[in-house]
Each structure stands twice: as C-alpha cells, then as structure tokens.
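Participant: Could you look at this predicted model? Sequence included:
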Amino acid sequence: MANTVLIGAQWGDEGKGKVIDVLTANANWVVRYQGGNNAGHTVEIGDQKYVLHLAPSGILRPGVKCVIGNGLVVDPIGLTEELQDLEKRGIDFRGRMFVSDRAHLVIQYHKELDGAKEAKLATGKKIGTTKRGIGPAYCDKADRCGLRMGDVLEANFEEMLRERVAAKNAMLAVLDAAPLDADALVKKYNVAFEYLKPFICDTIPMLNAAVRDPKNNVIFEGAQGVMLDVDFGTYPFVTSSNTSAAGVSAGAGIPPHQVDEVIGIVKAYTTRVGEGPFPTELFDDDGKALAKVGNEFGATTGRPRRCGWFDAVVARYSAMISGVDRWALMKMDVLDGFETIKVCTAYECDGERVETVPASISKLSRCTPIYEDFKGWNCSTRDATTFEELPEQAQKYVRWIEKLTGVPVSVLSVGPNRKSTIELKI
Ligand code: GDP
Ligand code: IMO
Ligand code: MG
C-alpha cells in the first residue's frame, strides 16, 4: 500500500491517463494536484474512449475516490460539462468526487486574456497555449486577486465576481479585446456553480487522513510534463504550474514525506504540442511516421503534435528533479515499423558536450542532439502480454533506455487499451 505520484517526464501527453487507469485497478484514491483543463488524459476501455480534462482518471473505476486538489485552476463550466457528460455515459461519481474549496476558478475573462495576450505576441514569442485561461488564472492566484471554489459558497460571491469582471474588462480593453457582459456571465456561471456546489469541500483533512491510512493506495495524477514545469521546464514555453513531483505537496496539501514512490511516464519517443525548443524534433519522414502511427493530435485542442526521437537528456533531467523510481514506457508499438530507431544521449552546443537541460532557452535552441542508432525490431509488439513475448530487439531497447536514464522500466505499453499493458518485475 503506497502513496504514488505519476508524472509526465517529457512535454505532456505521455499516456498518463492510460497508466492511471491501469494502476487504479489497485487504488482507492486518485488526486489531481495542478493544472486545469489544459490537460487531456485519454483512457480507452474496450471500445469506449474517454478524454478527461479535470476529472481525475480514476473516476472511471467504481468506488475510487477522486479529488480535484487545491493546486488546480478549475473552469467551472468545463468541469460541469465534463461531469455531466460522464454521468450521461453511466459513470456514477456522486459521493466519491471532491473539489477543494481552495482550488482557484478559471472564469471567461481568463480565457479571453489568454487568447488576447497570445494574439499580441510576435511570431517566435507565442507560447502556443491551449487558451484555457491557465496562465491568467495562476497569475491572479499569485497576485492575490483570484476567486476560489470556496468563495462560490459565500453570500457575497456574485459581488466578488462582478468586481473581477469590471477589473478584467479594463485589462481586455488594453489588449484591444471586447469586454464581457457581466450580467450574461453571472447568469451562465451560476448554472455551473449550482451543479458543482455539492462537490466543493475542504479536501485537506480527508486527504491527510487518506495518505496516513496504510490500507489505502493513493495516486497523485500529474498533468502536463516536467519540461512544461514553470520552474524546471523550457521557460517561458511552459505551463503555469509545477508539473514535477514537487507540485504534489503544495497542490494537494500533504507533507512531502507522505509520498512513497514516483512513477515517471515517458513515450518511447518524444512529442510536444505548442511552441518552444525541442532538440530531437524531426521534420523528415520519420517524424511524419511517428505522428501518423502514434496518432499524435492534442487530446484537448486537436493540434498536431510535434514528434521526435527519445531524448535521454530530458528523461534523466526529469527523473532527477522528480525522483522518478520507475518508468512507465509508453507507445512502444509506434516504433514497430522503424528500420532504425535513434536515441539522443547528449547534446552538442557551441562545440561542447551538454549532459543536462540548460536553463537558457537560447542555449537549448542551439543544442543539437548526439544520437545513437538502434536497429529496429520491424514487427508488431501489439499482441505481447509479457516482456519475454516481445521481439528481442524491443527487449533490448527497453534495457537500453533503462541504462541511459538510470531508472528501471516497470510498465510497458504496446497499445492504447487497458489490456495492452505489460508489467515488468524490477
Ligand atoms: P496524457 O495526457 O499523458 O494522458 O496522454 P494523452 O491521452 O494526451 O495522449 C496519449 C495518447 O496515446 C492517447 O490517445 C492514448 O490513447 C494513446 N496511447 C496510450 N498508450 C499507448 C500505447 O502504448 N500505444 C499507442 N499506440 N497509443 C497509446
Ligand atoms: P496533458 O496533461 C501537452 C502546453 C501547451 C503550451 C503550454 C502552455 O494532457 O499532458 P497552457 O494552456 O498550459 O498555458 O499552455 O503547455 N500544454 C500541454 N501540452 N499536454 C498537456 O497536458 C498540456 N497542457 C499544456 O500546448 O505549449
Ligand atoms: Mg494529454
């Protein structure tokens, strides 16, 4: 029984939803601790596909308690739509879904500001955000003018909301964006707040009791990936929260020593959606093949994902920061058709060998990957149910990734479905 953190160790979309769904077979709590509905976590069960944005991926397992922690920025309309959609699909979460009264609200003005700020940025400076209002909402949190879930329960909430709308309309005017109609906004949001009220509570005591009870398995579900962390990622081309394991304590309200283990999720290659440096990005036929076979389109925005080879520098760096104990190595099957697979083992920059991710975005942009070639297995891994059933070269690839990153692989994924998962003894 353990308290486990699952984090993306690349630029997001590593397959966190799938791994969490698999692991919740043995868990009774799943907790989101940062981000918002910029996340898109896909879970495929049989012929059913679910894309979760705010609801913890454990929601699909009956009886699993789900928490939206204090560290999130929650779009109440997005969350209402998502929960109503799940209800329509027969998922019953009443009595086991909790939203922290300390979580911040994302309101329409945050989304408008997100879009308007991006529109003002010159080419090359745009972040390529999901336009879900994430940056502006975290901005308000740090600026101490955010609204929180708990505020919704206060008698003067409408007054607070109207005050914010007026202040943000002034900001929108500066950005040449249209003002919002406060009456219409209040009316629209009130419908969502009424739906959400039964879920709002103080999640801190319940989570602290949960992590201290040895009978529990608590999973903390990271969103995005370490390279999008506001402190450790490719700043400023990042999201606005701590996506690394460090975010758990602040975003769920539990002490750091309650975390027993950290599982890092990596694809067997790399993808990135949005702008910013990406050393192993491919612009050739191999890149196109990864995108096509991997069906690499954003689960939230539908944008095509940029694709490249596995970057061991990134994986080592993420593992170091987050204390990754073991990997879940995803989408191995996408490499099935490649004659030669490349892995970046270090970078070269200005004539020097670079072994870790530099802080300077300009330096990272000048880094070129040092690749090692690996002979592909050229056959399907899709039907393998044990490590031994994998082609020999695929087994060697896994062992090589372990060697290059210094972290053992304990879960291997060879297809999007629950059953296409191989557990390895470590
Ligand atoms: P997340 O944001 O980390 O949860 O990942 P996404 O859901 O955004 O993107 C991962 C995509 O890969 C989803 O469409 C999954 O269904 C799919 N997927 C997950 N694991 C595998 C796998 O092992 N093989 C293949 N082919 N697809 C996978
Ligand atoms: P999951 O949880 C991939 C990226 C955006 C953009 C940057 C900032 O599904 O892995 P934001 O809207 O957060 O201000 O955008 O971060 N981004 C993601 N990329 N997966 C995600 O989530 C992402 N969430 C944000 O594309 O580059
Ligand atoms: Mg995703």
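Facilitator: On my side now, so go ahead. Just so it is clear, the model here is predicted, and its values are computed rather than measured. Numbers count the residues shown, from 1 in each chain. Ligands and ions are numbered 1, 2, ... in the order given.
Participant: Going by C-alpha atoms from here, please, whenever you check contacts or count neighbours.
Facilitator: Will do.
Participant: so Asp73 touches Leu105, yeah?
Facilitator: Wrong residue type there; residue 73 is Val, not Asp. Yes: using CA atoms under 8 Å, Val73 is in contact with Leu105, at 5.5 Å.
Participant: Now do the shared contacts for these two.
Facilitator: The contact sets of Val73 and Leu105 overlap at Ala137 (CA atoms under 8 Å, 6 or more residues apart in numbering).
Participant: When these two are compared, which one has more neighbours?
Facilitator: Val73 (33 against 26; other CA atoms under 10 Å).
Participant: The more buried one in helix, strand or coil?
Facilitator: Assigned with DSSP: H, G, I helix; E, B strand; the rest coil, Val73 falls in the strand class.
Participant: Now do the helices in this structure.
Facilitator: Ranges of helices within the chain are 16-23, 76-88, 108-120, 134-142, 157-174, 182-196, 203-212, 247-252, 285-293, 312-322, 361-366, 392-405, based on DSSP state H.
Participant: Gly71 contacts Gly35, correct?
Facilitator: Yes: using CA under 8 Å, Gly71 is in contact with Gly35, at 7.4 Å.
Participant: Just say which of the helices of the chain is most tucked in.
Facilitator: helix 16-23 (a mean of 24; mean count of other CA atoms under 10 Å).
Participant: Direction included, what does the strand ranked longest in the chain pair up with?
Facilitator: In the chain, assigned by DSSP state E, the strand with the most residues is strand 340-349. Taking DSSP bridges as the criterion, strand 340-349 forms sheet pairs with strand 310-311 (parallel), strand 352-354 (antiparallel), strand 368-375 (antiparallel).
Participant: The residue of the stretch 151-300 of the chain found nearest ligand 3 and Ala192, how far apart?
Facilitator: Residue nearest to ligand 3 within the stretch 151-300 of the chain: Ala299 (5.3 Å; CA to the ion). Separation of Ala299 from Ala192 (CA to CA, to the nearest Å): 23 Å.
Participant: For the nearest residue to the residue of the stretch 151-300 of the chain closest to ligand 3 once chain neighbours are set aside, which residues are in contact?
Facilitator: Spatial nearest neighbour of Ala299, chain neighbours left out: Gly40 (5.0 Å); criterion: CA to CA, 6 or more residues apart in numbering. Counting by CA under 8 Å, 6+ apart, Gly40 makes contact with 13, 51-53, 298-300.
Participant: Just send the residues you listed back as TSV, with neighbour count and pLDDT too.
Facilitator: As requested, the contacts of Gly40 are exported to TSV (neighbours: other CA atoms under 10 Å; pLDDT from 0 to 100):
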residue	neighbour count	pLDDT
Asp13	28	97
Val51	17	97
Leu52	24	97
His53	22	98
Gly298	19	89
Ala299	18	86
Thr300	17	86
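Participant: what does the chain put close to ligand 1?
Facilitator: Counting by CA under 6 Å from any ligand atom, the chain comes close to ligand 1 at 12-18, 40-43, 294, 299, 330-334, 413-416.
Participant: sorry, back to before: show me the contact partners of the longest strand of the chain.
Facilitator: By CA under 8 Å, 6+ apart, strand 340-349 touches 280, 309-313, 335, 353-356, 363, 366-376, 404.
Participant: rerun that using 6 Å as the cut-off
Facilitator: Contact with strand 340-349 is made by 309-313, 353-355, 366-376, as judged by CA atoms under 6 Å, 6 or more residues apart in numbering.
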